[in-house]
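Asker: can't give you the sequence, but here's the structure:
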Ligand code: HEC
């Protein structure tokens with residue numbers, strides 16, 4: 001290692017200490033998003049992770065032409081399939097009601113309903129989960145709670161998207 005790279009590394013370490021990373025240790029080897037602030041990293045993850053597609057009304061249908069003031073407020077349009085009907089929660093309310101550690105724990109362990117990409121968020125580095133929490137927490141607490149999920153076999157009273165798989169010529173597969 002050259003003297004120069006040692007200087008660069010110690011500067012990086014000092015910068016990390018300065019921006020007060022969360023108390024829980026994150027391995028230096030774990031790849032995670034770096035940005036000027038954790039909130040900026042979280043915003044980047046929301047943008048690139050597709051979270052708005054489901055958690056922001058009309059986002060997917062309009063090709064993302066929804067202002068940030070509306071992001072992550074959840075939807076009362078259900079996703080209906082073999083699992084029943086699930087609703088993308090208002091994530092502003094989710095983070096308002098839980099600690100950062102509980103949020104990280106949920107994203108790390110919950111095996112929830114489709115089409116929420118639970119396996120994808122589980123695979124995120126801990127620092128990224130913390131950045132997501134901090135970004136969502138930075139948004140004003142607005143919007144209604146999403147409806148409760150319904151068990152299989154019930155027809156929703158809300159609008160919903162039918163995600164049952166159809167095979168031409170065969171009964172619905174669920
Ligand atoms: C394809 C649609 C879809 C996408 C994309 C999506 N979600 Fe979800 N999300 C859902 C649905 C539906 C639920 C409810 C699932 C359930 O009930 O288990 C949910 C639930 C959640 C919850 C649990 C909230 C609570 O209060 O229980 C969190 C947290 C969450 N999503 C975060 C994210 C993040 C972060 C992203 C982007 C990386 C994302 N979601 C992308 C559909 C989606």
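Answerer: Ah, there it is. As the structure is a prediction and not an experimental result, all values here were calculated from the model. Numbers count the residues shown, from 1 in each chain.
Asker: ok, residue 78 to residue 141 distance?
Answerer: Applying CB to CB, to the nearest Å, the value for residue 78 to residue 141 is 23 Å. In this view, the C-beta of every residue, glycine as well, is placed from N, C-alpha and C.
Asker: can you pull the contacts of residue 113?
Answerer: 83-84, 86, 149 (CB atoms under 8 Å, 6 or more residues apart in numbering).
Asker: which one of those has the most neighbours?
Answerer: Among the contacts of residue 113, the one with the most neighbours (other CB atoms under 10 Å) is residue 86, at 23 neighbours.
Asker: Quick check: chain neighbours aside, which residue is closest to it?
Answerer: residue 113 (4.0 Å; CB to CB, 6 or more residues apart in numbering).
Asker: Residue 148 versus the one you found, what's the distance?
Answerer: Distance from residue 113 to residue 148, by CB to CB: 11 Å.
Asker: and what of residue 140?
Answerer: According to CB to CB, residue 140 stands 24 Å off from residue 148.
Asker: and what of residue 159?
Answerer: In terms of CB to CB, residue 159 sits 15 Å off from residue 148.
Asker: same check, this time on residue 71
Answerer: Taken as CB to CB, the span from residue 71 to residue 148 is 22 Å.
Asker: more neighbours, these two?
Answerer: residue 71 (22 against 8).
Asker: Can you check the pLDDT for the spatially closest residue to that one that is not a sequence neighbour?
Answerer: The shortest distance from residue 71 to any non-neighbouring residue, by CB to CB, 6+ apart, is to residue 56 (5.0 Å). pLDDT recorded at residue 56 is 98.
Asker: For this structure, give me the ranges with low pLDDT.
Answerer: For the chain, the stretches with pLDDT under 70 are 1-29, 172-174.
Asker: Show me which residues of it sit near the ligand.
Answerer: Taking CB under 6 Å from any ligand atom as the contact definition, the chain meets the ligand at 49-51, 53-55, 79, 86-89, 91, 94, 112-113, 115-117, 121, 132, 149.
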